[in-house]
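>>> Here's my sequence, what's the structure:
(chains A and B)
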Amino acid sequence: MEPGLYHLLAIGAVLFFTGIYGFFTRRNMISMLMSVELMLNSVNINFIAFNKYLWPGTLGGTFFTVFVIAIAAAEAAVALAIIINLYRSHQSINVEVAEEMKY
Amino acid sequence: MNTTNLLLIPLLPLLSFVLLGLTGKAYKAKAGLVGTLLMLLSFVIAVVTASGYFFNEGLQNGQYQQLKPFLMPWLSFANGLVIEMGLLVDPLSMVMIFVVTFISLMVHIFSLSYMKGDERFHVYYAFLGLFTFSMLGLVLSSNIFQIYIFWELVGVSSFLLIGYFYQKSSALAAAKKAFIVTRFADLGFLIGILLLSSQAGTLDFLDLINKLTTPGDTLTSALATTFLGFSLLSWGLALVFMGAAGKSAMFPLHIWLPDAMEGPTPVSALIHAATMVVAGVFLVARLYPVYAFSGAGFVHFIDDVGAFTALFAAVIACTQTDIKRVLAYSTISQIGFMMFALGMIPADPNGTHLGYTASMFHLFTHAIFKALLFLGAGAVIHYVHSNEMKDMGGLRKKMPVTHVMFLLACLAIAGIPPFAGFFSKEEILLAAWENNPAIFWMALITSGLTAFYMFRLYFSIFWNKEHEGHHHHEKEGDVFLLAPLVILGIGTIVAGFVPFSQFVSFDRKPFDTALHLQFSIAPVLVGLSGILLAAWMYRKQSAVPDNLARNMGGLYKAAKNKFYIDEAWLGFTKGVLFNLIAKPAAWVDRNIIDGIVKGTGSGMEWISYRIKGIQSGKVQQYGLFFLFGVIIIVSVYIFKNVPWR
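Down below sits the predicted model:
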């Protein structure tokens, strides 16, 4: 069976909700960062799928995907910097430890 | 008419105020000299201007001109209403600038000695400059709105100077009292201005007088529109008179003036005797044609108020023991004279308006001899450090110059020829005799009382017992203290011989007044008997005054307590105003207005206290909120076309 648009969208959706689940259930910030990456990549899959099946011959979706990968790299760099600083100040990378900024 | 000179007259004192107010500390003891020199310059220019007007350019075709050499729009409103600032030159304003600058200069010089060593010396001179500027602006005003502005400015400078010794709580209370009482009267003045100017359609004095005195549409409509049985014109005039009565301390608004004596004595001489308190008389004189022709019914009210105030204040003055308070009540009484003289409108339309000239003449002479009395009292107070008569007595050998000058002024105010007060008072009495004999008799009694209380004052200070103070080493005073007394003393002698009716008259045409010798006999005799009575009672220490006071019983007690007018006002404000108006208003303010404001605040606090938990500091919780938010928004977009919506 040839894989079609719906298959790809299904993979995207599964990846996305896996990411969301991970983001809200993990307390470890590295895991949360990985979850965010999962969500971004599910978006990339959607872009590629729509580009291939709905507007074949154009490059819009592909370009967008390249942008998203670039931004994800930058975001990972910033997030890792934050994590390192968090570890330095709290000796932990558990998000629940860092909750001083409240009412 | 040199406009620059005319403008400089009020602006030089203003310069003194600004200079001393901003940088006065740097001058230290020289601050007084700076103020005095600027005042001297202003006085010289005023004399040159006034004499130029009277002897040279003012008189044309047998009538003094009314000129407006300076006029500029100040506030222009969209609907064509323009409020102007201008200078009005006519005999009235020229006489007034002379009086104001002259007395102010004397007070400036006197204060150099009197206030020497005071910590806020420069502030004192700055305030004097502010007052002189405002008073000159007031007398030169060309429209009724401008006069209101300066009217309030003299009010505030009076407030500042009464409260000059602000460490004394009585001075603070007196300053507040003066300000509030005159403000209350000025409320009437403002409404009166609005009424008159809206009827006449102009603010300018000359236009206003012209429109409200010549028959025409304006006058007809102003007379035809009535409110509570009186025409709008009468209401306007009555309300303006209320403002004038407040400033000029007419009964029952006189209560602030005796308390105003808390200020430094030279200030009392300048503001509360010679210039500011006669502003009310000046205002009525300014609008005299309107009062004379349009409000014929109303002038009798002015007569009655003036004559009653004169008598009433004279009675109180006989019983006071604080020498400044005696002078204060004497001032109220003399202003009463000026005020009722203004109400002496001849029944015959072509008759001479002698009352108008007499009133202004008395204003002129009174300014000189009353300033002298106050400055003399100031010298005495400076010497014995007390205001009370019982601390004085026998000072004639210690203070020879003050003694002679004070005697001159007392003779002048008692109406003994040939001193200044005689001439002006005779003219007032003559005007009263010709127009309203009842008032004449009241005025005659009042002048007898005047002679009595002034000489009671004189004998108590300079004769009576021997002086027992510890001031033997002290000199009477330096040249700055005595020179103004001597100059004013000379003024008291010569001012009466000024042919005043040649300068100031109702139709601005010079006319001659003759002394009627037979007429003068009665007032002079009354005055002399008052003096003799005072001499008998107070020349030597005796039991007569005390016995008399005991025999008078209730009357003496009532007069000594100023006829309980202060208490009546206090009862009125506390009982009626506070309970019926102030307290309900305060309740509304506290509970409803404040309730809304505070309710808003505490409501917000209540809500925020309950929802602050949302900001938990947990990143994942925020993320969850964000997710649900996005889901809701996206759902709305996706399902917005579903049938049930």
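>>> burial measure for B:Glu119, as a count.
7 (other Cβ atoms under 10 Å in any protein chain shown). Using the backbone N, CA and C atoms, a C-beta is placed for each residue, glycine as well.
>>> Give me the phi and psi angles of it.
phi -70, psi -40 (degrees, to the nearest 10).
>>> Against chain A, how distant is it?
55 Å (Cβ to the nearest Cβ, to the nearest Å).
>>> B:Ser104 now?
67 Å.
>>> do the same with B:Gly571
57 Å.
>>> which ones are touching that residue?
For B:Gly571, the contact set (Cβ atoms under 8 Å, 6 or more residues apart in numbering or on different chains) is empty.
>>> how near is it to B:Leu577?
Separation of B:Gly571 from B:Leu577 (Cβ to Cβ, to the nearest Å): 10 Å.
>>> now do B:Ser51
Taken as Cβ to Cβ, the span from B:Ser51 to B:Leu577 is 50 Å.
>>> just B:Val99 next, same as before
37 Å.
>>> Out of these two, name the residue with the larger neighbour count.
B:Val99 (26 against 12).
>>> Just give the number of residues close to the nearest residue to A:Phe50 once chain neighbours are set aside.
With sequence-adjacent residues excluded and distances taken as Cβ to Cβ, 6 or more residues apart in numbering or on different chains, A:Phe50 is closest to A:Gly61, at 5.8 Å. Using other Cβ under 10 Å, A:Gly61 has 18 other residues around it.
>>> just checking, what packs against the helix or strand hosting A:Gly61?
Element membership for A:Gly61 (DSSP states H and E) is helix A:60-90. If contacts are counted by 3 or more Cβ pairs under 8 Å, 6 or more residues apart in numbering or on different chains; DSSP states H and E, helix A:60-90 sits against helix A:29-53.
>>> list the buried ones in the helix it packs on?
A:29, A:32-33, A:35-51 (16 or more other Cβ atoms under 10 Å in any protein chain shown).
>>> next one: stretch B:104-118
B:104-115, B:118.
>>> circling back to that earlier point, any residues in contact with both of B:Gly571 and B:Leu577?
With Cβ under 8 Å, 6+ apart, B:Gly571 and B:Leu577 have no common neighbours.
>>> Just the pLDDT at the residue nearest in space to the middle of chain A, thanks.
The centroid of chain A falls nearest to A:Glu37 when counting by Cα atoms, centre = their mean (2.6 Å). We have a pLDDT of 94 for A:Glu37.
>>> so which strand or helix has B:Lys68?
Assigned by DSSP H and E, B:Lys68 falls in strand B:67-76.
>>> how far does the helix or strand hosting B:Met537 sit from the chain's center?
Applying DSSP H and E as the criterion places B:Met537 in helix B:517-538. The chain centroid and the centroid of helix B:517-538 are separated by 30 Å, computed with Cα atoms, centre = their mean, to the nearest Å.
>>> by contact count, what packs against it?
By 3+ Cβ pairs under 8 Å, 6+ apart, helix B:517-538 packs against helix B:400-414, helix B:420-435, helix B:437-462, helix B:544-552.
>>> and residue 15, how many neighbours?
You didn't pick a chain, so chain A it is. With other Cβ under 10 Å as criterion, A:Leu15 counts 19.
>>> please go with chain B instead
The local packing of B:Leu15 (other Cβ under 10 Å) involves 18 other residues.
>>> swap in the one 4 residues further on?
Other residues near B:Leu19 come to 19 when the count uses other Cβ under 10 Å.
>>> Over to B:Val486?
There are 15 residues near B:Val486, going by other Cβ under 10 Å.
>>> So for whichever strand or helix holds it, mean pLDDT?
Assigned by DSSP H and E, B:Val486 belongs to helix B:479-494. For helix B:479-494, mean pLDDT rounds to 89.
>>> Next, the contact list for the residue nearest to the centre of chain A, please.
A:19, A:72, A:76.
>>> pLDDT at the nearest residue to B:Ser333 once chain neighbours are set aside, what is it?
Computed as Cβ to Cβ, 6+ apart, the closest residue to B:Ser333 that is not its neighbour in sequence is B:Ala313, at 4.0 Å. B:Ala313 is assigned 90 on the pLDDT scale.
>>> With B:Glu474 instead?
pLDDT recorded at B:Glu474 is 66.
>>> sorry, back to before: for the helix holding B:Met537, which positions count as buried?
B:520, B:523-524, B:526-527, B:530-531, B:533-535, B:537-538.
>>> Turn those residues into CSV, including pLDDT.
Formatted as CSV, the buried residues of helix B:517-538 follow (pLDDT from 0 to 100):
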residue, pLDDT
B:Ser520, 81
B:Pro523, 85
B:Val524, 87
B:Val526, 87
B:Gly527, 87
B:Gly530, 88
B:Ile531, 88
B:Leu533, 87
B:Ala534, 85
B:Ala535, 85
B:Met537, 83
B:Tyr538, 79
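>>> What is the nearest of the residues you listed to B:Thr220?
Among the buried residues of helix B:517-538, B:Pro523 lies closest to B:Thr220 (Cβ to Cβ), at 43.3 Å.
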